[in-house]
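# no letters, just coordinates:
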């Protein structure tokens, strides 16, 4: 589809949430949610390849992209971020919708599905590395120190007004994104455009909330994670990357690679070749799976229905 993009803001209790939408608002809605320290721009390449029969609504999570951060001074959690989805859904007055997300956005989708099980009709997860992870009793001290202790010890750093934050040459920032996220120059530029601003002296500074580097992910056991996630009954497609699998990022959630672990038989996964942000760099290898699932659901995946 040709990308006709509209952008506006909706009001949340703490500030504004940026909405970036593609398509006709009269079509069935698909809520699109990016990962941590990212923006709606990351979905442009994929959405350009998806059916025109849906209304794709990208939201930028608090402190990401052009959305306002939470109030300063507070160490927030993934559950606090989850409420931003509630705000968006209420704004559009959706009774039902499809959810498409990447990385941390997929974790939020699982949480939303458990809190509001009757709202979602389909879930599409792109490399859904869960952050509400998996911990045993021996790791509690490490988790606490990594979250609360680290935050308080470096309170000024995480709450420094952006005007006083570090500055970078534009080319330096682009190069860093290309290296760290394996993006192309074009996609790195698009990503950077939504969470940086010029400083007026030939440099730029990042505008994303620094607390996103440390916010709290509530930890649960591997047994509880499996019980919670595999009992979500909404038809779900997960697309995993071989690089993430090889790096052991699903080691504590092996059921992501086992369709039989889901009692309702509602889960399908596919493996593609690429890095974590493959949906940005090579959307054409994900698009056929996503298209079939959007149009035909689980049957489209099982029968390899052709578009």
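Ah, there it is. Just so we're clear, the structure is a prediction, and the values are computed from it rather than from any experiment.
# so how far is stretch 243-256 off the chain centroid?
17 Å (C-alpha atoms, centre = their mean, to the nearest Å).
# same deal with stretch 235-251?
For stretch 235-251, the distance to the chain centre is 15 Å (C-alpha atoms, centre = their mean).
# that stretch: which residues count as buried?
Residues of stretch 235-251 classed as buried: 235, 236, 237, 238, 239, 240, 241, 243, 244, 249, 250 (neighbour count, 16 or more other C-beta atoms under 10 Å). (Each C-beta comes from the backbone N, C-alpha and C, glycine too.)
# could you do stretch 65-79 as well?
Within stretch 65-79, the residues that count as buried by 16+ other C-beta under 10 Å are 65, 66, 67, 68, 69, 70, 75, 76, 78.
# looking at those, which is nearest residue 225?
Taking C-beta to C-beta as the measure, residue 78 is the one of those closest to residue 225, at 13.6 Å.
# relative to residue 83, which of the buried residues of stretch 235-251 is nearest.
residue 236 (22.3 Å).
# which non-adjacent residue is nearest that closest one?
Nearest non-adjacent residue to residue 236, counting by C-beta to C-beta, 6 or more residues apart in numbering: residue 123, 4.4 Å away.
# doesn't residue 239 make contact with the one you found?
No - the criterion here is C-beta atoms under 8 Å, and residue 123 misses it with residue 239 at 11.6 Å.
# ok, back up a step: can I get the buried residues of stretch 235-251 in a markdown table with distance to residue 146, pLDDT and secondary structure?
Listed next are the buried residues of stretch 235-251 as a markdown table, based on distance: C-beta to C-beta, whole Å; pLDDT from 0 to 100; DSSP: H, G, I helix; E, B strand; the rest coil:
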| residue | distance to residue 146 | pLDDT | secondary structure |
| --- | --- | --- | --- |
| 235 | 35 | 98 | coil |
| 236 | 30 | 98 | strand |
| 237 | 32 | 98 | strand |
| 238 | 27 | 98 | strand |
| 239 | 29 | 98 | strand |
| 240 | 26 | 98 | strand |
| 241 | 25 | 97 | strand |
| 243 | 24 | 96 | helix |
| 244 | 21 | 96 | helix |
| 249 | 18 | 91 | coil |
| 250 | 21 | 92 | coil |
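# farthest-separated two in the residues you listed?
Using C-beta to C-beta, the pair of the buried residues of stretch 235-251 lying farthest apart is 235 and 243, separated by 26.3 Å.
# OK, contacts around residue 97?
The neighbours of residue 97, taking C-beta atoms under 8 Å, 6 or more residues apart in numbering as the test, are 28, 29, 30, 31, 89, 119, 120, 121.
# how close does the fifth one sit to residue 120?
Just to be clear, that refers to residue 89. Distance, residue 89 to residue 120, using C-beta to C-beta, to the nearest Å: 10 Å.
# residue 129: what secondary structure?
What DSSP: H, G, I helix; E, B strand; the rest coil gives for residue 129 is coil.
# any idea how many residues pack against the residue nearest to residue 236?
Counted with other C-beta atoms under 10 Å, the neighbours of residue 123 add up to 24.
# host element of it?
strand 120-126 (DSSP states H and E).
# and that strand, which strands flank it?
Strand pairing for strand 120-126, using DSSP bridges, gives strand 97-102 (parallel), strand 236-241 (parallel).
# report all helices and strands that the helix or strand following the first one contacts.
Just to be clear, that refers to strand 97-102. Counting by DSSP H and E, the next helix or strand C-terminal to strand 97-102 is helix 104-115. When contacts are defined as 3 or more C-beta pairs under 8 Å, 6 or more residues apart in numbering; DSSP states H and E, helix 104-115 sits against strand 29-33, helix 78-92, strand 97-102, strand 120-126, helix 222-230.
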